[in-house]
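Asker: please work out how this folds:
(chains A and B)
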Number of protein chains: 2
Amino acid sequence: MPRGRPPRGARAPRLSGSLPVALDAMGGDKAPGEIVAGARRAGEEGIDVVLVGRPTALGETGDLEVVAASEVIEMGEDAAQGVRRKKDSSLVRAAELVRDGAASAMVSAGNTGATMASALLRMGRLPGVARPCIATPLPRLGRAPAVLVDAGANAECTSAMLVQFAQMGVAYASSRYGVRDPSVALLSIGEEPTKGTPLVKEAHAILAAGAGVRFVGNVEGRDLMPATADVVVTDGFTGNVTLKALEGSLRFIVDTLFSVFSTDDATKAAAEVLVPHLLPVAAELDPENTGGAMLLGVDGVCVISHGSSSATAILNAVRVAHELAEGGLVDRLAEAVKPG
Amino acid sequence: MPRGRPPRGARAPRLSGSLPVALDAMGGDKAPGEIVAGARRAGEEGIDVVLVGRPTALGETGDLEVVAASEVIEMGEDAAQGVRRKKDSSLVRAAELVRDGAASAMVSAGNTGATMASALLRMGRLPGVARPCIATPLPRLGRAPAVLVDAGANAECTSAMLVQFAQMGVAYASSRYGVRDPSVALLSIGEEPTKGTPLVKEAHAILAAGAGVRFVGNVEGRDLMPATADVVVTDGFTGNVTLKALEGSLRFIVDTLFSVFSTDDATKAAAEVLVPHLLPVAAELDPENTGGAMLLGVDGVCVISHGSSSATAILNAVRVAHELAEGGLVDRLAEAVKPG
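Answerer: Prediction:
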């Protein structure tokens, strides 16, 4: 099946338009059932998908191509060890399909660390990229989402890494959401350039001096929802904690609202009037509909879908992976990055 | 007015019961009007308050004592410089009243950095405390709030500092909220001890080995609202970003709800049924009602009220300051801290 892929240095035009999306059929809390269901829906939309996993475990796969992989890296498993030891795992095989030019992109709702490690080890980094980062959408009602980088790939960062995250974030925001000349902000504890950790102050100085992005200064935690900048840059520790805090607070509020709605007959009747107006808002904020996070900086498209992904979430993730591969995201990222 | 205070080493019993709360009348977006109004309400409740500020600016102060201070450290002003240069500022004078044994506690809704610097420079640190930290309540509906330390005093921390924050956070959670044997968690990007930055891993190891607190391991951002542990420990950068992200998301949701409520006559009628049920929830989540953040580790009680504090917020902050001074918080903190 591998069709071979020219090394990146050769910069041959990609033939990704003709390639399927490799989907880790074994990854995620609802795998393989919902994953296969999502793949079939993508197939019905005309998006070519290859399922990677244990063929006997997948159930009815319809017309979809299946690439056999005998192992699974479990959700709680050590990522580096899993990728090293389980060479025939669905994740590693999916990454290899991209590396070998047999797939245009990979998608997984499984172990996030192992997805990153598989992509990094099998696809390799783009030239000049110090470390890949995770880009996650920050919903903004009625507008294109903002992009948070790094949402958790690197707990420890240098200022040069943050600057590259900014550059890749800009390429991603424009490729993915069509944002023109995206604004870039640095997440800190005050707007002044003197606020924050030494890491943030250093990154601020480099970005302000001109790093090929439209830097608008520091933003604070309160500027994330809705985000005031198109790309918000931070280290992966702060990014991960903050993103999960936002997700947790939204879930808490939704739970609290539903609890109030079910107080008595009067509140139930009132809720029936309001819920149709609230659902579109909830849908815009729901990670299920955002198409997942993206690993930026590896030599291939890699979409990290939420662990609890349903068929709908997988459909969205596959759509996004397909569109970004078609749109030449990886080439844009390679062009955006200035070696740090 | 200074009545003198025995040095902390002497551990003489405090006479704080007879002392007023020193209130920075000039600090906050709504100063001095709302600050004075809040002080007068506290006075009506029998809590003794000294207003510190420009006497001619304060308007009608009723029976309240006023200590003159000719200068004001503005909201945007550099904290360290402000405290150094403006020796007759309301903030510095308020801290001096505590230092000199003329007040039991200080409260300000002004420049947070300058409030910390005034308290630190004038009251000094408690013995053994490396750095003071800010403790902020994390609301939990129907239960005592959890405590987040450090919510922003120290952008850079050592593991020894995090351990002291945990110890002080425990003393505060039990003094302030009556929580028995509070549980302590470390904020990280995964529950495993191996997850996070070197700082977090080191602090985890020390806390797990036994640091005089009931350590329950790491929590993630999603475990903050509602908080699963009574005390959540993090560095001041992560704490500040996360807290502001939570505040921002709650405000966003409330704004979004009100926008949906006002869609048409039907939604307005439905909202009228629901709002009475939602208001108590909103009140529990509102920083106005939580009594403010607390600077832990200085030799005195120092309450940092929200910059936008209304008279109600000031009343709550003064109440909290008074109760904590009466309850001997500072002595408890001094006992809780093991030199790092």
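Asker: can you pull the contacts of A:Leu120?
Answerer: Counting by Cβ atoms under 8 Å, 6 or more residues apart in numbering or on different chains, A:Leu120 touches A:Pro132, A:Leu295, A:Val298. Backbone N, C-alpha and C define where each C-beta goes, glycine included.
Asker: hmm, try it at 10 Å
Answerer: By Cβ atoms under 10 Å, 6 or more residues apart in numbering or on different chains, the contact set of A:Leu120 is A:Val83, A:Ala95, A:Arg131, A:Pro132, A:Ala153, A:Leu295, A:Gly297, A:Val298, A:Asp299, A:Cys302.
Asker: could you export stretch A:290-299 as PDB, CA atoms only?
Answerer: Provided in PDB are the C-alpha atoms of stretch A:290-299 (Å, rounded to 0.1, in the frame of the first residue of the first chain):
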ATOM      1  CA  THR A 290     -15.000  21.800  16.900                       C
ATOM      2  CA  GLY A 291     -13.200  19.000  15.000                       C
ATOM      3  CA  GLY A 292     -10.600  18.400  17.600                       C
ATOM      4  CA  ALA A 293      -7.200  19.700  18.500                       C
ATOM      5  CA  MET A 294      -4.300  19.600  16.000                       C
ATOM      6  CA  LEU A 295      -0.700  18.700  16.400                       C
ATOM      7  CA  LEU A 296       1.300  21.400  14.700                       C
ATOM      8  CA  GLY A 297       4.900  21.000  13.700                       C
ATOM      9  CA  VAL A 298       5.100  17.400  12.600                       C
ATOM     10  CA  ASP A 299       5.500  16.500   8.900                       C
END
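Asker: could you pull out the strands for the stretch 201-340 of chain A?
Answerer: All strands of the stretch 201-340 of chain A, identified by DSSP state E, counting those that start in this stretch, fall at A:214-219, A:231-233, A:293-296, A:301-304.
Asker: A:Glu45: which of these is closest?
Answerer: strand A:301-304 (16.1 Å; Cβ to Cβ).
Asker: can you tell if that closest one touches chain B?
Answerer: No: Strand A:301-304 stays clear of chain B (Cβ under 10 Å from any Cβ of the partner chain), getting no nearer than 14.5 Å.
Asker: check which residues of the helix or strand encompassing A:Tyr172 are buried.
Answerer: For A:Tyr172, the element it lies in under DSSP states H and E is helix A:159-177. Buried residues in helix A:159-177, counted by 16 or more other Cβ atoms under 10 Å in any protein chain shown: A:159-176.
Asker: equivalent analysis for stretch A:255-267, please.
Answerer: By 16+ other Cβ under 10 Å, the buried positions in stretch A:255-267 come out as A:Thr256, A:Leu257, A:Val260, A:Phe261, A:Thr267.
Asker: that one: end-to-end distance?
Answerer: End-to-end span of stretch A:255-267 (Cα to Cα, to the nearest Å): 15 Å.
Asker: my guess is A:Val254 contacts A:Leu285. True?
Answerer: Yes: under the criterion of Cβ atoms under 10 Å, A:Val254 makes contact with A:Leu285 at 8.8 Å.
Asker: higher neighbour count, those two?
Answerer: Counted by other Cβ atoms under 10 Å in any protein chain shown, A:Val254 and A:Leu285 do not tie: A:Leu285 has more neighbours, with 23 against 15.
Asker: so the more buried one is in contact with A:Leu141, correct?
Answerer: Yes: at 7.8 Å, A:Leu285 counts as touching A:Leu141 under the criterion of Cβ under 10 Å.
Asker: now do the shared contacts for the two.
Answerer: The contact sets of A:Leu285 and A:Leu141 overlap at A:Met225, B:Phe252, B:Thr256 (Cβ under 10 Å, 6+ apart).
Asker: what's the closest non-adjacent residue to the second one?
Answerer: When you say that, I think you mean B:Phe252. Nearest residue to B:Phe252, sequence neighbours excluded (Cβ to Cβ, 6 or more residues apart in numbering or on different chains): A:Met225, at 4.8 Å.
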